[in-house]
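1. All I have is the shape, not the residue letters:
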């Protein structure tokens, strides 16, 4: 989806946008382009697009800061808060000082570092594991579907993956590069170079992830997003690991710097110069731009300060926001001359609000829609959900009620999230609030936490392998996979 979307963006959007932006008052920012392209004298389009950019870029920048914090935390043993501040200071400082030209040059150097690192890591894993055949066999043993491109991917899931590519047409930091090209003709060789680099990097990224599954099979990572960091530290001597660490930081910096510069340009050019000081000097605008970098960075730091933040979650939110708000407007503005300012405002507002509100709907149909829809269409009579403590804590299954709820045991596997066993147990107890009015619960009492549940709730049924006076005493049992059992023919098992 990403590769296909990026290629189409270069092929159909890049050159046209460079030409159209030149005729639209030589616009260098999206708000400026939108206002001039649609001849919006009300300034609503400029204000709305500037607001959308600042909103989603703050979250986008936060994703990079989270990535930098994870890098500093794992590489230098810092506390997350200290790692966040250190990473933020490094990333923001050179953007603050360098400006667009410095960012353009550093992006080129950082791209080379990323490319080398993503090629070295998986090769080292393959060599260290005895060859490609051994790694492939190990992956098949861990998960037979790990090498399958579309395993367990339904129609909606496939469309969701492809839609990442559609979002390219609305990303301001990418579109700004198109508008800033020296000439439209230079975009053609740029497209070839960019796509070649992207394909190699994506292949390296996927290969690194697969190599990480094989390498850490015996001790899976708590946070899968640290796989590249952990591989570099485990496979290479400190000098090489240091270079790879720099490559990871390069990937983070090359994205954040673009986002901060676009945000600062929006504040200085599209807000300050237009609405506050039309006759502001270049020196004054430079000061405003630098102040904007600091303000956006501080807001992003506040968002990133949540230790449970995940890079992919923040990126997907911002990517969806820009793709929905700007993508259709950009495409129609370049290919449909009859499009009006009102249509652009309506489309932009609808796209942005859809992403904002949709992201706040959690649980029920918004988390399980595809699985449950499949079950309904296939006439399944029973659905079994493994309800994690994360799902309960994050209210992902709110408004879903069960005929039967069951509890087996608690182990130490989720203390990275809950911090203490008591907190973990407290979240698990929420499961028993999800029974239907005529529902029932069953609890394994051969452990401390099962017995505690029976003390708190006398209506539960007890099951045991040791206690004969339990409601259900097991004299014999066997373990099998739900999906391969004949008993599962009329049911669907789901790990939530």
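-> Cool, got the structure. Please read these numbers as outputs of a predicted model, since none were measured by experiment.
2. Stretch 22-41 spans what distance, first to last residue?
-> Separation of the first and last residues of stretch 22-41 by C-alpha to C-alpha, to the nearest Å is 19 Å.
3. For it, buried residues please.
-> For stretch 22-41, the neighbour count (16 or more other C-beta atoms under 10 Å) marks 24, 27, 29-38, 40 as buried. C-beta coordinates here come from the backbone N, C-alpha and C atoms, glycine included.
4. which residues are contacting that stretch?
-> Stretch 22-41 is contacted from outside by 17, 20-21, 43, 45-47, 49-50, 53, 172, 175-176, 179-180, 262, 265-266, 269-270, 326, 329, 333, 339-341, 344-345, using C-beta atoms under 8 Å, 6 or more residues apart in numbering.
5. Please apply the same query to stretch 317-336.
-> So stretch 317-336 is contacted by 12-13, 16-17, 20, 30, 34, 37-38, 49, 52, 55-57, 59-60, 63, 163-164, 166-172, 175, 339, 343-344, 347-348, 351-352, 354-356, 359 (C-beta under 8 Å, 6+ apart).
6. Just the buried residues of these.
-> 13, 16-17, 20, 30, 34, 37-38, 49, 52, 55-57, 59-60, 63, 163-164, 166-172, 175, 339, 343-344, 347-348, 351-352, 355-356.
7. which of the contacts of stretch 22-41 are buried?
-> By 16+ other C-beta under 10 Å, the contacts of stretch 22-41 give 17, 20-21, 45-47, 49-50, 53, 172, 175-176, 179, 262, 265-266, 269-270, 326, 329, 333, 339, 341, 344-345 as buried.
8. Run through the stretch 151-300 of the chain and note the low-pLDDT ranges.
-> Residue ranges of the stretch 151-300 of the chain with pLDDT under 70: 151-161.
9. where do the helices sit along it?
-> Applying DSSP state H, counting those that start in this stretch to the stretch 151-300 of the chain gives helices spanning 155-166, 172-179, 187-215, 227-235, 238-265, 282-304.
10. Any chance of those in JSON lines with distance to residue 407 as columns?
-> Putting those into JSON lines (distance: least, C-beta to C-beta, whole Å) gives the following:
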{"stretch": "helix 155-166", "distance to residue 407": "30"}
{"stretch": "helix 172-179", "distance to residue 407": "47"}
{"stretch": "helix 187-215", "distance to residue 407": "30"}
{"stretch": "helix 227-235", "distance to residue 407": "32"}
{"stretch": "helix 238-265", "distance to residue 407": "41"}
{"stretch": "helix 282-304", "distance to residue 407": "35"}
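11. of all those, which lies closest to residue 431?
-> helix 155-166 (26.5 Å; C-beta to C-beta).
12. where do the helices sit along the stretch 351-496 of the chain?
-> Counting by DSSP H, counting those that start in this stretch, the helices of the stretch 351-496 of the chain are 365-377, 389-393, 415-418, 421-429, 448-456.
13. which SS class is the closest residue to residue 16 other than its chain neighbours?
-> The spatial neighbour of residue 16 that comes closest, neighbours along the chain excluded (C-beta to C-beta, 6 or more residues apart in numbering), is residue 334 at 4.4 Å. Recorded secondary structure, residue 334: helix (DSSP: H, G, I helix; E, B strand; the rest coil).
14. repeat for the one 3 residues further on
-> Here residue 337 is coil, with the state taken from three-state DSSP.
15. Count the neighbours of residue 327 for me.
-> Residue 327 has 23 neighbours, counted by other C-beta atoms under 10 Å.
16. Quick check: which element contains it?
-> Here residue 327, judged by DSSP states H and E, is contained in helix 311-335.
17. and the end-to-end length of stretch 299-318?
-> For stretch 299-318, the end-to-end distance is 15 Å (C-alpha to C-alpha).
18. looking at it, residue 466 is touching residue 446, isn't it?
-> Yes. With contact defined as C-beta atoms under 8 Å, residue 466 counts as touching residue 446 (5.3 Å).
19. what about the two, which has more around it?
-> Shown here are residue 466 and residue 446; by other C-beta under 10 Å, residue 446 has more neighbours (17 against 9).
20. still on that earlier bit, of all the helices of the stretch 151-300 of the chain, which lies closest to residue 140?
-> helix 187-215 (10.0 Å).
21. Could you pull out the buried residues of that closest one?
-> 187, 191, 194, 198, 201, 204-205, 207-208, 210-215.
22. again, but for stretch 417-432
-> 417-418, 424-425, 427-429, 431-432.
23. Of the helices of the stretch 151-300 of the chain, which is nearest residue 450?
-> helix 187-215 (32.9 Å).
24. so the closest one versus helix 172-179, what angle?
-> 150 degrees (axes from the mean of the first three to the mean of the last three C-alpha atoms, to 10 degrees).
25. What helices and strands are in contact with helix 187-215?
-> Under the contact definition 3 or more C-beta pairs under 8 Å, 6 or more residues apart in numbering; DSSP states H and E, helix 187-215 sits against helix 2-8, helix 15-23, helix 80-128, helix 132-142, helix 227-235.
26. same for the last one, what does it pack against?
-> By that I understand helix 227-235. Packed on helix 227-235, when contacts are counted by 3+ C-beta pairs under 8 Å, 6+ apart, are helix 44-76, helix 80-128, helix 187-215, helix 238-265.
27. Not counting its own residues, what contacts that helix?
-> Contacts for helix 227-235 (C-beta under 8 Å, 6+ apart): 70-71, 74-75, 117, 121, 124-125, 128, 208-209, 211-212, 215-216, 221, 240-241, 244-245, 248.
28. related to what we said a few turns ago, tell me the buried residues in the helix holding residue 327?
-> 311, 314-331, 333-334.
29. Pick out the residue closest to the middle of this protein.
-> residue 312 (1.8 Å; C-alpha atoms, centre = their mean).
30. That residue contacts residue 225, correct?
-> Yes. Contact criterion C-beta under 8 Å: residue 312 and residue 225 qualify, at 7.1 Å.
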